[in-house]
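1. Have a look; sequence and predicted model below, questions after that.
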Amino acid sequence: MIAVDVQGRAGNFASSVAFESAGDVTAVFGPSGCGKTTLIRMICGLHTPERGQIRVGDTLLYDQRAGLNVPAHKRRLGVVFQEPRLFPHLGVTANLRYGQWAGGRSSPLSFDDVVDLLGLGALLQRRTAFLSGGERQRVAIGRALLAGPRLLVMDEPLASLDAARKAEILPYLVALKAEIGIPMLYVSHSLSEIEQLATDMVVMTDGRVVTSGALDEVLNRLDVPGFSEGPEAGSRVKGRLIAHDEDTATGRIAFEGQQVVVPLPRPRSLGPVLLHIQAKDVIIALEPPRGLSIRNQLSGKIAALHQPAGPYVEVLVQVGAQQVRARITQLAARDLQLDVGQSVYVLIKSVALEPALG
């Protein structure tokens, strides 16, 4: 559990943030300049709020009324920044051992546990100057874990990496979520990262929280200014990969009693998967269409409609126990005469989908 209710300033920037989360991985999302880094600095003890309270688990880290402000080095937080900030004069092993020393060897994870979890075995004898960006970030995460943190704080850890290095490190972050048993606070402006990692989400803008809660609930909100109408807005849905056709390089995913076809150029294990479906890639039809190249046609009912300022209408369609978002024009919504409770078909191009580990 992390509970934050603070107000403060960083220069001319005012911040007033309040949220609670008991999730395994709480994502803090928002555009650049919205106050994410200021919030992290307050939680980590690097910037003092003017008033309020910060609690992690059963431990108060800051309470203005009680005159309590635990120093940064005593807060037992493992912090990974956008830049790895490794010690350049030390090798990989020494950087990792520093984490153990700094944490008083209090980590429930052993040195070998962390090395295995993050795939660092082949790097232990290397100097940090000869590591790739993704390798350096993995070492930084390992060092933070070996300090025995009560909370792992990750501030845009993939922002400085190119697409290939992000793809390299994301599976390790997914493994951390599943195996370490340490709550994480993950700061990012990338929805695709958040959807693969987070269980809960906090959305910020202009130094304040505009919504927070369970990840899927927040993603399906249609009325959050600056978020719901964003270019990455969409749905995260859960399915199960049940077949792979090597001849057509496609996979079939079971989803709420129906099936979805996705590109799958390389074989992978059958089992749970996540799909991010961008709202702009979804078409709404009143009848099952024929003669189209679109492979995915899901039946459902409209659960909500929202028309923000501008030319679009946001549509939330209930498909079984899950929901899929669509973004269509006002003109299309008017011509189709859409209404809540109406039965519709959701059409999704296969090429718009890429399954991630579930």
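-> Arrived safely.

2. For the stretch 251-358 of the chain, just list every one of the strands.
-> Applying DSSP state E, counting those that start in this stretch to the stretch 251-358 of the chain gives strands spanning 258-263, 271-278, 282-285, 296-306, 312-319, 322-329, 343-348, 356-357.

3. need the ones you listed in CSV with mean neighbour count, can you?
-> Every C-beta, even on glycine, is put in place using the N, C-alpha and C of the backbone. Listed next are the strands of the stretch 251-358 of the chain as CSV, based on neighbours: other CB atoms under 10 Å:
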stretch, mean neighbour count
strand 258-263, 18
strand 271-278, 18
strand 282-285, 19
strand 296-306, 17
strand 312-319, 21
strand 322-329, 21
strand 343-348, 19
strand 356-357, 16
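
4. closest to Arg51 out of the ones you listed?
-> Nearest to Arg51, of all the strands of the stretch 251-358 of the chain, is strand 296-306, at 35.2 Å by CB to CB.

5. Parallel or antiparallel, list what pairs with that closest one.
-> strand 312-319 (antiparallel), strand 343-348 (antiparallel) (DSSP bridges).

6. Apart from its chain neighbours, what residue comes closest to Leu158?
-> Lys166 (4.9 Å; CB to CB, 6 or more residues apart in numbering).

7. low-scoring pLDDT stretches of this protein, where are they?
-> Counting by pLDDT under 70, the chain contains low-confidence ranges at 103, 105-106, 357-358.

8. Strands of the stretch 1-150 of the chain, start to end?
-> Secondary structure of the stretch 1-150 of the chain (DSSP E, counting those that start in this stretch): strands at 2-10, 13-21, 25-29, 51-56, 59-63, 68-69, 77-80.

9. ranking the ones you listed by burial, who's on top?
-> Mean neighbours per residue, mean count of other CB atoms under 10 Å, is largest over the strands of the stretch 1-150 of the chain for strand 25-29, with a mean of 27.

10. what residues does it touch?
-> By CB atoms under 8 Å, 6 or more residues apart in numbering, the residues outside strand 25-29 that reach it are 2, 36, 39-40, 177, 183-189, 191, 194, 197-204, 215, 227.
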